[in-house]
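Novice: I need the structure of the sequence given here:
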Amino acid sequence: MKQIYLHGLGQTPDSWKKTTMQMKTAENALCLDLAELLRGTESTYQALYAAFSDACNAESEPLGLCGLSLGGVLALHYAIDHPEKVNSLVLLATPHQMPKRLLQFQNLLFRFMPNSMFQQTGFGKKKFLTLCKSMMALDLTPSLSGVSCPTLVICGERDRANKKAAVKLAGQISNAELQLLPDTGHEINTEAPEQLAALLDTFFRKMP
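Specialist: All right, here's what the predicted structure looks like:
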C-alpha cells in the first residue's frame, strides 16, 4: 500500500517529518506538496483537487491517504470519488462541511497580514486568499455514506473549531473510529508527532 500524506494550509510537506520519522509503518510514504500541485494553474480548491486526483490516479498500488485539515478534505473527497483506489483513510482535524463564517473571518484577518507571512507556505498571499475563498461552499456531507474503507478520524482536544465536526464525521462514516488527543490543538502532526506516530502505526498494522 502506498501511503500519501497531505499537509494543511499554512504547512509544508516537512510538517509531516517528525511524525513519519518515528513511524514503523511509513516505509512507502509520499508527502505531497500542495503548493507545487497548484503551480501553473489557478489557485482554487477545484484545481487543487483535480491535480491531487491526477497524482493519485497515477499510482498503481492501493492508497492509504492521511491528511490534516485541507489535506484531509482532499483525502476524503478522493475516497468518496474513488473508493476502489483507497485502502485506508486518516483524517486529522478535517471539516466535511466548510465553516463558512469562520473562513470569512479568517480571510478578513489574512488580508491585513503582510505578504511575508505567506511565503513559507509556498502559496503567496493572493493565492492563499483565493484558495480559501474557493472552498467556502464545499460540503461533502451528502456523500459520506460512500466511504467504505477503514477510516481513522483524529482531532486535538484543544481544537475547538474542529472537535465537534470530528465527532460528527466519525459517526457518519460506517467503518470509522475516533481518537481525540489530549493537550493538542489543530496542527497535530507538529504538536504531537510521537503520539500521532503511535496511533498511525497501530491503525496501519491492521490493514491487509
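
Novice: and residue 170, how many residues sit next to it?
Specialist: Using other C-beta atoms under 10 Å, residue 170 has 19 other residues around it. Heads up, the C-betas are built off the backbone N, CA and C, glycines and all.

Novice: name the element it belongs to?
Specialist: Assigned by DSSP states H and E, residue 170 belongs to helix 160-172.

Novice: and that helix, what does it pack onto?
Specialist: strand 151-156, strand 176-181 (3 or more C-beta pairs under 8 Å, 6 or more residues apart in numbering; DSSP states H and E).

Novice: Turn those into CSV, columns for mean pLDDT, mean neighbour count and distance to residue 70.
Specialist: As requested, these are exported to CSV (pLDDT from 0 to 100; neighbours: other C-beta atoms under 10 Å; distance: least, C-beta to C-beta, whole Å):
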stretch, mean pLDDT, mean neighbour count, distance to residue 70
strand 151-156, 98, 26, 15
strand 176-181, 97, 17, 19
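
Novice: Need those in a markdown table (columns: distance to residue 80).
Specialist: Formatted as a markdown table, the helices and strands packed on helix 160-172 follow (distance: least, C-beta to C-beta, whole Å):
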| stretch | distance to residue 80 |
| --- | --- |
| strand 151-156 | 11 |
| strand 176-181 | 13 |
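
Novice: Any stretches of the protein with poor pLDDT?
Specialist: In the predicted model of the chain, residues 100-110, 112-114, 116-122 satisfy pLDDT under 70.

Novice: All the strands of it, residue numbers only.
Specialist: Assigned by DSSP state E, the strands in the chain fall at 2-6, 29-32, 63-68, 86-92, 151-156, 176-181.

Novice: what's the angle between the first one and strand 86-92?
Specialist: Right, strand 2-6. 30 degrees (axes from the mean of the first three to the mean of the last three C-alpha atoms, to 10 degrees).
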